[in-house]
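**Q** this one's structure only:
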């Protein structure tokens, strides 16, 4: 190669050292060691770059390697020129080294900010610790979520309510154990099917319309409908709630149901009972009206009767009819058709009797001492007729020649099961020889008969007037 760039006219480099063996050897040894070191460093860098493919800025490492190789070559040329004056070759190698050095420097300058931005080992360690902590926290959160999900599923499965989820198109996506047991089907048989088949055919259109109304403006709908379970029609109540994702999109419907067949039967029975009560009140009303007609007919007949004795008989019959009609009127106006408040009944009956005998009773005072006692119709009618007879007798016979006097009626609860009725007056009293069981008086015979009907007992005291005391049980015995 033109004698390696024409070195004629130059002397070997060794002349500068006067060919002193020690000095020349020193330069040879130094340049050789430097060259060996320069060549070994790029090999190490190349191996490192090949092993670390994720190493940032690996191109600069290759440039450094080329720069170091060029520098090592300049030292080899230094040894060569000790004997061979090829200084053009030496200059060329140095020029190449210079180019590589400048390019490396130019490439390195813009990389410095990026390299400075790389985290230091301390920062990397802190970041690793933070990352590990975040990973641990995430793992803990995931574990808690799994546990929460397991608890939620356990709670859902343990619920007695029927819980189901289905897509907006009606496809079932989840059912709990109670739902499966209620409809007597396996979970696999229900998931993926439509919810409609279990609904009673007559209710399907109504249910579908209400479910389709779910949305942002109507997120909750309660439905009561019938379902078919193993051929049996049952009533159920469902609380349907629309579920939305984080973007507010309607994604699913959750339905929580329970069986209300017993409640529906109770409501139907209650409605039937109310109808029967209304009918029974109407019956009492009609009976009272019919008795009132009979009472009015007897009253008209009494007013047209010239025979005094016959008129009194008709008046007694009127009062008996009135006492029975009054029971039906109290039952008609009462909230409880099974019993009447006998305290109110006695007041009304006594007022009516005083009005009936007004020609001879304006001077008579009626006093009452009555406990709040309720009697059923089987007790009330006989008891009312007994009162009618006893008060009527006192009004007619206890106070002759318009004498002033007092009649007192007491109704007491002798015990939880026994009632005591007392009618007394301070009139002339009844004859000592009078026996209720042998009397020919229709009124007293009726008293004895009604006392027997009440399964009670009667006693009479004849001191300072007359005291009639009757005791009877609140309810009729099973034998009766």
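**A** Looks like it came in fine. Owing to the predicted nature of the structure, the values given are computational and were not obtained by experimental measurement.
**Q** mind checking how far the closest residue to residue 394 other than its chain neighbours is from residue 414?
**A** Counting by CB to CB, 6 or more residues apart in numbering, residue 394 lies nearest to residue 425, which is 4.3 Å off, once chain neighbours are set aside. C-beta coordinates here come from the backbone N, C-alpha and C atoms, glycine included. According to CB to CB, to the nearest Å, residue 425 and residue 414 sit 22 Å apart.
**Q** Looking at these two, which has the bigger crowd around it?
**A** Neighbour count, other CB atoms under 10 Å: between residue 425 and residue 414, residue 425 has more, with 26 against 12.
**Q** which residues sit in contact with residue 160?
**A** 178, 258 (CB atoms under 8 Å, 6 or more residues apart in numbering).
**Q** what do you get for residue 42?
**A** Shown in contact with residue 42 (CB under 8 Å, 6+ apart): 64, 65, 66, 68, 69.
**Q** Report the separation between residue 235 and residue 264.
**A** Residue 235 is 4 Å from residue 264, by CB to CB.
**Q** Residue 56 belongs to a strand, doesn't it?
**A** No: counting by DSSP: H, G, I helix; E, B strand; the rest coil, residue 56 falls outside a strand, being coil.
**Q** Quick check on it: phi, psi?
**A** Phi and psi for residue 56, reported as degrees, to the nearest 10, are phi -70, psi 150.
**Q** what number of residues lie near the closest residue in space to it that isn't next to it in sequence?
**A** Spatial nearest neighbour of residue 56, chain neighbours left out: residue 118 (6.8 Å); criterion: CB to CB, 6+ apart. Applying other CB under 10 Å, we find 10 other residues in the vicinity of residue 118.
**Q** Give the helix, strand or coil label for residue 470.
**A** strand.
**Q** correct me, but it touches residue 424?
**A** No: the pair residue 470 / residue 424 is not scored as a contact, 11.8 Å apart, by CB atoms under 8 Å.
**Q** for the chain, longest strand please?
**A** strand 232-244 (DSSP state E).
**Q** Buried residues, whichever strand or helix holds residue 109. List them.
**A** Assigned by DSSP states H and E, residue 109 belongs to helix 87-117. For helix 87-117, burial by neighbour count (16 or more other CB atoms under 10 Å) applies to 87, 89, 90, 93, 94, 97, 100, 101, 104.
**Q** where along the stretch 351-480 of the chain do the strands fall?
**A** Applying DSSP state E, counting those that start in this stretch to the stretch 351-480 of the chain gives strands spanning 364-370, 374-376, 405-413, 418-425, 457-461, 466-473.
**Q** Pull out the buried residues from the fifth one.
**A** Buried residues in strand 457-461, defined by neighbour count with 16+ other CB under 10 Å: residue 458.
**Q** Show me what that strand is packed up against.
**A** Here strand 457-461 touches helix 442-453, strand 466-473, going by 3 or more CB pairs under 8 Å, 6 or more residues apart in numbering; DSSP states H and E.
**Q** most packed of these?
**A** Mean neighbour count (mean count of other CB atoms under 10 Å) peaks for strand 466-473 among the helices and strands packed on strand 457-461, with a mean of 20.
**Q** Run me through the strand neighbours of it, direction for each.
**A** Partners of strand 466-473 in the sheet, by DSSP bridges, are strand 418-425 (antiparallel), strand 457-461 (antiparallel).
**Q** before we move on, the earlier item: please list all residues in contact with the residue nearest to residue 394.
**A** Neighbour list for residue 425: 394, 398, 399, 405, 406, 407, 408, 465, 466 [criterion: CB under 8 Å, 6+ apart].
**Q** got the contact list for the first one?
**A** Residues near residue 394 by CB under 8 Å, 6+ apart: 407, 423, 425, 427, 466.
**Q** do you know how far it is from residue 350?
**A** For residue 394 relative to residue 350 (CB to CB), the value is 11 Å.
**Q** Could you do the fourth one as well?
**A** Spatial separation of residue 405 from residue 350 under the definition CB to CB is 14 Å.
**Q** Check the second one too.
**A** Residue 398 sits 15 Å away from residue 350, going by CB to CB.
**Q** okay, these two: which has more neighbours?
**A** Between residue 398 and residue 350, residue 398 has the larger neighbour count (other CB under 10 Å), namely 21 against 18.
**Q** Is that one in contact with residue 465, as I believe?
**A** Yes: the pair residue 398 / residue 465 is scored as a contact, 6.9 Å apart, by CB under 8 Å.
**Q** shared neighbours of those two, anything?
**A** Common neighbours of residue 398 and residue 465 (criterion: CB under 8 Å, 6+ apart): 425, 426, 427, 428, 429.
**Q** min pLDDT across those residues, which one?
**A** Within the shared contacts of residue 398 and residue 465, pLDDT reaches its minimum at residue 429, with 77.
**Q** Compute the distance between that one and residue 462, please.
**A** From residue 429 across to residue 462, the span is 5 Å (CB to CB).
**Q** Local confidence estimate at the nearest residue to residue 80 once chain neighbours are set aside?
**A** Spatial nearest neighbour of residue 80, excluding adjacent residues (CB to CB, 6+ apart): residue 86 at 6.8 Å. Note for residue 86: predicted pLDDT of 80.
**Q** what secondary structure does residue 256 sit in?
**A** In three-state terms, and counting by three-state DSSP, residue 256 is strand.
**Q** ChimeraX command to pick out the buried ones of the contacts of residue 42?
**A** Of the contacts of residue 42, the buried ones go into a single ChimeraX selection, burial set by 16+ other CB under 10 Å:
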select :64,65,66,68,69
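**Q** OK, contacts around residue 261?
**A** Going by CB under 8 Å, 6+ apart, residue 261 touches 234, 235, 236.
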